[in-house]
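1. got a predicted structure here, sequence first:
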Amino acid sequence: MKASLLLFKALAKNENIAVVGGGISGLSYAYFLTKLRPDLTVTVFEESNKTGGYIYSPIGYKKELPLKHNLNGAVEENFEKILFEKGPRTLRGKSDGTLIILDLLHRFKLTDQVYAIPKDSIANKKYLLSNGNKLIEVPNSFLRNPIVLLKFLMSPVFQFRKAMVNLICEVFRRKKGWSDSKMDESVESFLNRRLGKELSNIASAVYHGIFAGDIGKLSIKSLMPGMYQIEKHGNSLVGITLLNTKRNLLSIFISEQEKRVAKQKRNDNLLSKDIKKYEKFFFNKDLNLSKLSVLLKSIPMISFKNGLQSLTTALGENFSLSNSGKNRILTENGITQIDISEERNKIIVNNQYEFDYLKSTLNSPKLVKILENSTENLEKNGKIRNLIELMKRINYVTVCVGNIYVPRQDLLKSNHGFGYLIPKNYEKQTNNKEKLLGVIFDSDIEKSRKLLFNEQISRKLTNEELPNKDKIDKSANNKLFYTDVKFPELELDFNKEQLDYTKITAIMGGHYWSPSSNNQDVDKYDNEENVPSKSIALKMIKLAVSKQLNIELDDIKEKLIELEIVKNAIPQYEVGFIELREEIHQKVCEIYKDKVKLGGMSFSNGIGVPDCVLNGFTEALADSGIEEKEEPDK
Ligand SMILES: C=Cc1c2[nH]c(c1C)Cc1[nH]c(c(CCC(=O)O)c1C)Cc1[nH]c(c(C)c1CCC(=O)O)Cc1[nH]c(c(C)c1C=C)C2
């Protein structure tokens with residue numbers, strides 16, 4: 001059998017495509033589609049005046065500094081500039097999406113923007129907030145740091161005795177063993193039933209940090225597909241974990257040589273199907289993705305010199321620059337109507353533009369508004385009403401993001417790290433009055449960063465010729481790559497004294513502000529949506545942070561605080577979400593005769609930035625119609 005590339009018609013030659021939404025999902029999709037199919041003309045519609053969507057890294061200005069002149073005699077900017085991230089800010093290292101993002105940044109010649117947070121850095125310490133405002137460090141690895149593990153097991157968040165009894169009982173407890181593939185359950189009810197309330201409370205904090213959501217509503221099938229499979233087959237979670245641990249323990253009897261061979265085999269095979277496709281259709285001969293993926297295994301987090309927005313800006317610019325100006329991003333161009341003209345076989349946008357195909361990355365509240373403006377033509381068959389009702393069943397949470405900067409002071413004292421998450425049962429008696437979900441220690445993340453593509457690593461990651469002495473033993477060189485990655489200190493462009501600043505982000509609201517939540521402080525809220533005004537939110541954030549970190553924010557004169565309330569920020573993959581999403585996709589295909597498709601955080605799989613980029617690639621590849629087909633040998 002011989003593999004060859006065949007182009008078959010998904011999108012016909014020279015078609016005109018609309019992408020709705022200029023966030024990370026829309027930009028990734030548009031960028032990849034244009035690269036895969038340069039014959040197409042692609043227009044991105046963005047309602048706001050900037051691209052990036054939820055990724056937003058503005059610079060705040062703190063105070064006037066003494067005037068300085070540059071070499072040409074001109075006055076230099078004389079304000080202390082502070083980068084604030086209002087949305088996502090870091091990427092997890094080990095993920096297919098991150099691999100693609102780093103490859104893109106390498107193509108865009110932005111490697112000087114990419115920082116690694118090494119495993120052994122202070123920013124890799126994560127905490128949970130326990131009653132009495134104690135920060136409990138969560139062990140990163142069960143074996144590597146026994147003291148942290150022991151302290152965690154003995155802490156009130158874990159509740160050792162109860163948790164251990166529950167874990168032992170789990171092996172013997174009767175399992176449901178779902179036979180119907182439609183079965184689903186909330187994460188909370190599943191974990192309570194299987195592992196007990198103590199462990200489920202820890203999971204509540206983790207999902208505060210991802211969905212800002214309530215594990216009492218989020219779906220086990222969507223969020224923990226591995227657990228779902230174990231349940232489906234009626235197996236024990238603890239049993240399967242122990243079996244895997246036994247396999248690991250047995251590995252101490254395997255010789256070093258055998259281990260090395262096994263590791264090499266794993267590394268050779270480590271690219272997923274999606275990344276192999278990316279390599280095949282989008283190959284950048286400069287960067288070795290297999291080596292990069294090995295390196296990323298040892299880097300928990302990636303961060304960006306000028307904020308994550310440099311990624312979306314670069315994607316937008318590289319998209320617009322390609323195809324000699326045929327492609328465009330129309331900012332301040334919201335979509336109000338999407339109709340279909342069956343006679344002309346076209347999608348009509350805003351009664352004005354005609355397209356052959358439209359990809360939306362909007363969330364469902366925005367789509368509902370657009371659908372409600374649909375013409376009588378679409379209204380006639382009643383299907384659109386049904387679609388609107390389905391879309392309204394997807395719930396979203398609103399979050400308040402508070403960025404706080406204090407110069408020349410270390411407010412975190414002994415609690416340095418990535419930040420902390422707050423479990424659901426924190427201060428149950430006071431009902432977590434301020435509805436804080438967690439706090440990120442941005443200054444610690446910033447102070448832990450190391451240039452990822454430094455000279456040593458870049459040489460190993462690119463297919464550049466190896467220096468002569470390394471050529472002598474290539475296998476030794478490979479080994480060196482896996483074990484000997486060094487991150488030299490960054491050259492700082494500010495003096496040591498300025499390193500003592502504190503920058504944190506406090507995140508509040510989420511599911512606690514959902515209309516259905518039993519909010520005791522509802523009289524404080526000045527609108528019917530259960531969301532406080534900005535001024536009340538500011539008071540609440542200051543109060544909570546001061547209390548939890550034991551500082552008096554109001555007493556600190558030199559500070560900068562910015563607050564953003566992001567409505568419908570994160571879709572909630574609640575119980576039954578997978579089936580609901582599938583039904584919506586089917587209805588959209590039916591109504592718009594396969595000429596409209598939905599993507600983005602709400603309708604593709606996954607809400608993380610790497611997920612959005614990976615989905616952008618796989619969906620563009622599928623729509624491009626470029627597929628690999630096996631052909632028999634002649
Ligand atoms: C601003 C509020 C957000 C909260 N969750 C998200 C946002 C944007 C989305 C999100 N956060 C994480 C993931 C998983 C990452 C992945 O698997 O790709 C997602 C989808 C993990 C995460 N949580 C926090 C950080 C800094 C990260 C890394 C990714 C990122 O930079 O967003 C901190 C954090 N996020 C939220 C809270 C309450 C919180 C508290 C410490 C809600």
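-> That came in fine, so what should we check first?
2. number of residues surrounding the nearest residue to Ile440 once chain neighbours are set aside?
-> Nearest in space to Ile440, with sequence neighbours left out and distances taken as CB to CB, 6 or more residues apart in numbering, is Gly419 at 4.0 Å. Every C-beta, even on glycine, is put in place using the N, C-alpha and C of the backbone. When neighbours are counted by other CB atoms under 10 Å, Gly419 registers 23.
3. just checking, Gly419 touches Leu437?
-> No. With contact defined as CB atoms under 8 Å, Gly419 does not reach Leu437; the gap is 10.9 Å.
4. shared neighbours, the two?
-> Counting by CB atoms under 8 Å, 6 or more residues apart in numbering, Gly419 and Leu437 have no shared contacts at all.
5. contact partners for Lys162?
-> Gly196, Lys197, Glu198.
6. for the last one, what are phi and psi?
-> The reference is to Glu198. phi -70, psi -50 (degrees, to the nearest 10).
7. ok, now the second one?
-> The phi and psi values for Lys197, taken as degrees, to the nearest 10, are phi -70, psi -30.
8. and it, how many neighbours?
-> 15.
9. same check on Ile147?
-> Using other CB under 10 Å: Ile147 sits among 9 other residues.
10. cool, Asn415 as well?
-> Asn415: 18 neighbours (other CB under 10 Å).
11. same question, the one 3 residues further on
-> A count of neighbours around Phe418, defined by other CB under 10 Å, yields 25.
12. for Lys326, same thing?
-> 15.
13. who does the residue lying closest to it once chain neighbours are set aside form a beta bridge with?
-> Excluding the flanking residues, the one nearest Lys326 by CB to CB, 6+ apart is Thr41, at 4.8 Å. Beta-bridge partners of Thr41, counted by DSSP bridges, are Asn16.
14. my read: Gly26 touches Val44, true?
-> Yes. Counting by CB under 8 Å, Gly26 touches Val44, with 5.8 Å between them.
15. any common contacting residues for these two?
-> Joint contacts of Gly26 and Val44 (CB under 8 Å, 6+ apart) are Val19, Val20.
16. what pLDDT is listed against the residue nearest to Lys326?
-> As predicted, Thr41 sits at a pLDDT of 96.
17. re the thing from before, quick one: the residue nearest to Ile440 from Val545, how far?
-> 12 Å (CB to CB, to the nearest Å).
18. what is in contact with those two at once?
-> Counting by CB under 8 Å, 6+ apart, the residues touching both Gly419 and Val545 are Val439, Ile504.
19. for Glu619, what are its contacts?
-> Tyr29, Lys359, Lys597, Gly599, Ser604.
20. quick one: the second one is in a strand?
-> Yes. When the secondary structure is assigned by DSSP: H, G, I helix; E, B strand; the rest coil, Lys359 falls within a strand.
21. for whichever residue of the stretch 51-200 of the chain sits closest to the ligand, which non-adjacent residue is spatially closest?
-> Nearest to the ligand, among the residues of the stretch 51-200 of the chain, is Pro88, at 3.4 Å (CB to the nearest ligand atom). Spatially, and ignoring its direct neighbours in sequence, Pro88 is nearest to Val609 (5.2 Å; CB to CB, 6+ apart).
22. and if you look at Arg393?
-> Per CB to CB, 6+ apart, closest to Arg393 is Leu580, 5.9 Å.
23. now do the buried residues in the helix or strand where the one you found lies.
-> Using DSSP states H and E, Leu580 falls within helix 577-591. By neighbour count with 16 or more other CB atoms under 10 Å, helix 577-591 contains the buried residues Phe577, Ile578, Leu580, Arg581, Ile584, Lys587, Val588, Ile591.
24. pull the CA atoms of it into CSV?
-> Extracted C-alpha coordinates of helix 577-591, given in CSV (Å, rounded to 0.1, in the frame of the first residue of the first chain):
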residue,chain,number,x,y,z
PHE,A,577,-23.4,18.1,27.8
ILE,A,578,-21.9,15.7,25.2
GLU,A,579,-25.3,14.6,23.9
LEU,A,580,-26.6,18.2,24.0
ARG,A,581,-23.7,19.4,22.0
GLU,A,582,-24.1,16.6,19.4
GLU,A,583,-27.8,17.5,19.0
ILE,A,584,-26.9,21.1,18.5
HIS,A,585,-24.4,20.3,15.8
GLN,A,586,-26.9,18.1,14.0
LYS,A,587,-29.6,20.8,14.0
VAL,A,588,-27.2,23.4,12.7
CYS,A,589,-26.1,21.1,9.9
GLU,A,590,-29.8,20.5,9.0
ILE,A,591,-30.9,24.1,9.1
